[in-house]
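**Q** Need a 3D model of the sequence below.
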Amino acid sequence: MQPLPDLSHMGLRPSPTGEELERRQLEHVMGLLLQNSQGSDGDDKGSEGKESSRDNTVPQDVKNAHHSLKVDHERR
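**A** Numbering: from 1, shown residues only. Have a look, this model is predicted:
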């Protein structure tokens, strides 16, 4: 098999490895979670009205899922 030509001068890079894709995805998700937990989406204009109308409680099904994961982990 021939090695791929170096196309970096054209701004093209070799496709990322699975590990790199996973890392990028994780960083993206963590960024979204961080953004969500802070209750802002980049602009702070008018966030007071948005914040009060949206309740910040964790839905019950999420609590249940988290609890069952914790219990499962403790059993091991």
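
**Q** what's the next secondary structure element after the lowest-mean-pLDDT helix or strand in the chain?
**A** None of the helices or strands of the chain scores lower by mean pLDDT, DSSP states H and E than helix 47-53, at a mean of 49. Later in the chain than helix 47-53, the nearest helix or strand by DSSP states H and E is helix 60-75.

**Q** average pLDDT for that next one?
**A** Mean per-residue pLDDT for helix 60-75: 71.

**Q** Same check on stretch 24-43?
**A** 81.

**Q** Enumerate the positions of it that are buried.
**A** Buried residues in stretch 24-43, counting neighbours by 16 or more other CB atoms under 10 Å, are absent. Quick note: C-beta positions are derived from backbone N, CA and C, even for glycine.

**Q** can you tell me the helix or strand for Asn36?
**A** Counting by DSSP H and E, Asn36 is part of helix 18-38.

**Q** what packs against that helix?
**A** Packing partners of helix 18-38 (3 or more CB pairs under 8 Å, 6 or more residues apart in numbering; DSSP states H and E): none among the helices and strands.

**Q** Dump it to CSV, restricted to CA.
**A** C-alpha atoms of helix 18-38 as CSV (Å, rounded to 0.1, in the frame of the first residue of the first chain):
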residue,chain,number,x,y,z
GLY,A,18,-10.7,6.8,17.0
GLU,A,19,-9.0,7.9,20.2
GLU,A,20,-8.7,11.5,19.0
LEU,A,21,-12.4,11.5,17.9
GLU,A,22,-13.4,10.1,21.3
ARG,A,23,-11.4,12.8,23.1
ARG,A,24,-12.9,15.6,21.0
GLN,A,25,-16.4,14.2,21.6
LEU,A,26,-15.8,14.0,25.3
GLU,A,27,-14.4,17.6,25.4
HIS,A,28,-17.5,18.8,23.5
VAL,A,29,-19.9,17.0,25.9
MET,A,30,-18.0,18.2,28.9
GLY,A,31,-18.2,21.8,27.5
LEU,A,32,-21.9,21.5,27.0
LEU,A,33,-22.4,20.1,30.5
LEU,A,34,-20.3,22.9,32.0
GLN,A,35,-22.2,25.5,29.9
ASN,A,36,-25.6,23.9,31.0
SER,A,37,-24.6,23.8,34.7
GLN,A,38,-23.8,27.5,34.6
